[in-house]
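S.K.: What shape does this take:
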Amino acid sequence: MPLQKLQFKPGINKETTSYANEGGWIDGNKIRFRQGYPEKIGGWSKKTAAQFVGSCRALKSWVTLSLDRYLGIGTNLKYFLEEGGVFYDITPIRRTTPAGGVTFSATDGSSTITVTDTNHGAKEGDFVTFSGAVSLGGLITANVLNQEYTIASVTNASTYTFQARTASTDISEYYSNGVVDTSGAAVSANSSDSGNGGSSTVGAYQINTGVDTTVLGTGWGAGTWSRGTWNSAASLTVLTETLRLWTHDTFGEDLIMNTRNGGIYYWDATNGTATRAVELSSLSGASDAPIVANKVIVSDVDRHVIAFGANTIGTSTQDPLLIRFSDQENPAVWTPTATNTAGDLKIGSGSEIIAAVETRQQILVFTDESLHSMQFIGPPFTFGINMISENITIRSPNAVAAVEDTVLWMGMNEFYIYRGTVQPLVCDVKEYVFDNLNDDQAEKVFSANNAAYSEIWWFYPSKDSENVDSYVVYNYEQNIWYYGTLTRTAWIDRGIEDYPIAADSSGNIYFQEFGLDDGSANPPSAINAFIESAPVDIGDGESFMYVSKVIPDMSFRNSTAANPETTYTFNAYNYNGGNTLMTDTASVVSSSLTPIQQYTTKADLRLRGRSVALKVESNQTGTTWRLGQPRLDIRTDGRR
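M.R.: Sure thing, here's the model as predicted:
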């Protein structure tokens with residue numbers, strides 16, 4: 001019979017059986033589709049090596065009026081600015097003691113220094129910088145003390161400890177894979193270190209650090225009152241400490257940022273990178289600025305700063321359904337008057353605001369059970385809000401993405417799309433993704449725009465992982481899905497830079513879709529990419545086929561390897577839909593692994609079965625590929 005063309009439907013489908021998905025793809029990793037045909041994704045290259053501490057969960061790039069290019073990096077421990085490959089710590093200070101408010105004590109032969117500071121408010125892992133201290137009398141000199149330290153342990157509300165290290169060393173020198181490790185630079189006290197640091201010591205405490213992994217609690221106190229029998233442990237787990245998530249936006253050339261369920265801060269670009277962000281309420285002329293919120297956005301059209309889940313005016317109590325907005329063009333003034341546009345709105349459904357995303361025409365606000373549209377309507381009310389949909393869910397605060405006026409998000413068990421109305425998004429890999437997601441760490445789910453390829457990516461932690469290691473992609477131009485594995489913690493699309501920027505869990509920043517290889521190390525390594533089809537047959541599998549030849553249709557355009565290569569693997573099956581391979585004989589085999597190079601015109605095979613499946617994979621540096629329509633030389637071979 002003539003050559004048979006292998007034509008497969010674009011996208012991966014895991015929702016059906018192999019019979020139903022004949023002519024489709026069933027598995028893959030690090031591939032995408034272009035005009036319906038699969039190809040390997042682009043590589044990545046380090047923009048900067050690990051030079052910040054903590055896991056990055058938020059990125060923001062912008063250019064100032066003086067053309068300085070900044071990248072904002074929010075981690076669970078600090079907030080950094082990157083400029084020209086140099087990192088600057090602009091984490092806000094929450095408390096500065098008066099001179100003499102801090103005293104030290106040391107023990108002979110130990111590097112542990114005990115600090116006394118009444119009502120310090122610190123917790124283990126926080127950062128504090130000391131100044132004005134004098135030597136304790138021996139090896140713990142003034143220069144040893146007057147540095148930034150991580151708090152090693154908290155004894156009580158008035159005392160804590162840190163580990164003394166070599167004098168005059170920046171703590172950033174000890175950032176390694178996202179953590180601080182100063183153990184190799186420890187300085188131990190001697191018998192002469194009997195002083196207390198003098199009467200001029202000042203401690204500057206950075207805002208409390210956040211957790212990198214959601215902490216769940218169990219036991220007697222878990223869950224709601226009257227759940228289970230008296231004095232029994234609850235069978236459920238409940239959230240006891242949430243992930244540190246930052247939101248941030250630019251107000252002109254300045255930066256406004258917020259820690260979820262925490263403070264709102266302002267960084268003034270004119271003051272330079274040597275200055276830290278400050279509380280929004282501390283700005284000159286500030287009036288009733290919120291001190292706590294779930295999220296902040298700067299409205300592009302009307303230039304209001306909007307705080308979601310903010311505290312009410314005159315109190316420090318957070319209202320999780322309250323939206324407050326500043327006076328137009330003035331991020332410091334939040335007191336509503338007859339002559340300004342500051343004000344607030346209250347959402348009437350749900351228990352808290354989870355997320356908000358700005359589109360061209362409106363801001364969509366998500367609660368835990370409803371979706372609302374917030375629009376600028378002008379004086380006297382400034383903003384109006386309307387409910388769009390009830391009984392919807394959203395997986396995490398960062399699980400939503402906007403493409404112009406289209407909004408897509410991951411819910412608890414569905415994907416959704418909004419184009420004027422909310423609809424569930426048909427997903428061919430839905431069961432696979434949600435069955436593979438670690439629900440306990442769902443706060444780490446985040447969406448990523450990749451507009452150059454018409455893609456929305458959702459990164460998530462897989463079932464047995466506490467860290468993000470997997471992704472699922474919706475291609476909104478082709479209306480198809482595919483997935484894979486990749487460790488990333490934050491992502492922003494190209495804009496200021498020519499390529500998307502992403503962070504990993506080890507403190508590295510990457511240019512994505514850059515080059516062909518995995519640039520996590522030097523030299524770069526190969527990206528292992530593959531795609532696998534469902535079995536195809538002839539005559540609905542009534543007869544056996546004998547496959548003697550494949551004519552590949554493979555493009556290696558833009559590869560840099562001297563001899564770019566992929567591997568075709570054909571597996572022959574006795575029955576389509578089953579996992580039983582044909583039994584090998586002396587002359588005919590059940591599977592064939594065939595290298596396909598740039599100038600391979602054909603490859604000989606000896607396969608026999610009722611159906612045959614194709615797997616294309618590559619694991620070679622400098623190689624990229626795109627699959628077309630391979631052809632097989634097939635003849636009917638009878639039933640035995």
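
S.K.: tell me the mean pLDDT for stretch 101-111?
M.R.: Summarised as a single mean, pLDDT over stretch 101-111 is 97.

S.K.: Output the below-cut-off pLDDT ranges for the stretch 101-250 of the chain.
M.R.: For the stretch 101-250 of the chain, the stretches flagged by pLDDT under 70 are 217-240.

S.K.: now do 80
M.R.: 216-241 (pLDDT under 80).

S.K.: the domain parsing of this structure - what is it?
M.R.: By the assignment in automatic domain parsing, the chain contains the domains 4-43+528-638, 93-206.

S.K.: all strands in the stretch 301-450 of the chain, in order from the N-terminus.
M.R.: 305-308, 322-325, 343-346, 353-358, 363-367, 370-378, 382-390, 400-403, 406-410, 415-418, 422-424, 446-450 (DSSP state E, counting those that start in this stretch).

S.K.: So what angle separates the directions of the fifth one and strand 370-378?
M.R.: Relative orientation of strand 363-367 and strand 370-378, computed by axes from the mean of the first three to the mean of the last three C-alpha atoms, to 10 degrees: 150 degrees.

S.K.: Likewise for the fourth one?
M.R.: With the same axes, to 10 degrees applied, the angle from strand 353-358 to strand 370-378 works out at 50 degrees.

S.K.: Give me the sheet partners of strand 353-358 and which way each runs.
M.R.: strand 363-367 (antiparallel) (DSSP bridges).

S.K.: for the third one, same thing?
M.R.: If you go by DSSP bridges, strand 343-346 pairs up with strand 322-325 (antiparallel).

S.K.: Report the backbone C-alpha coordinates of the partner strand in CSV.
M.R.: The C-alpha coordinates for strand 322-325 follow below in CSV (Å, rounded to 0.1, in the frame of the first residue of the first chain):
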residue,chain,number,x,y,z
LEU,A,322,-12.8,46.4,51.8
ILE,A,323,-11.4,48.2,48.7
ARG,A,324,-9.8,51.6,49.3
PHE,A,325,-8.4,54.1,46.8
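
S.K.: Can you list the neighbours in contact with it?
M.R.: 290, 299, 304-313, 334, 341-347, 353, 365, 374, 382-383, 385 (C-beta atoms under 8 Å, 6 or more residues apart in numbering). Where C-beta positions appear, they are placed from N, C-alpha and C, glycine not excepted.

S.K.: how about a cut-off of 7 Å?
M.R.: 290, 304-310, 312, 334, 342-346, 382-383 (C-beta atoms under 7 Å, 6 or more residues apart in numbering).

S.K.: distance of Thr91 from Gly74?
M.R.: According to C-beta to C-beta, to the nearest Å, Thr91 and Gly74 sit 10 Å apart.

S.K.: quick one, which of the two is more surrounded?
M.R.: Between Thr91 and Gly74, counting by other C-beta atoms under 10 Å, Gly74 is the more crowded of the two (27 against 19).

S.K.: How far away from the center of its chain is the helix or strand encompassing that one?
M.R.: For Gly74, the element it lies in under DSSP states H and E is strand 69-75. Using C-alpha atoms, centre = their mean, to the nearest Å, the mean C-alpha position of strand 69-75 is found 14 Å from that of the whole chain.

S.K.: Quick check: buried residues in it?
M.R.: By neighbour count on 16 or more other C-beta atoms under 10 Å, the buried set for strand 69-75 is 70-75.

S.K.: Please apply the same query to stretch 394-404.
M.R.: Quick answer for stretch 394-404 (16+ other C-beta under 10 Å): 394-403.

S.K.: Mind listing the residues bridging to Ser462?
M.R.: Beta-bridge partners, per DSSP bridges, of Ser462: Leu437.

S.K.: I am finished for the moment; much appreciated.
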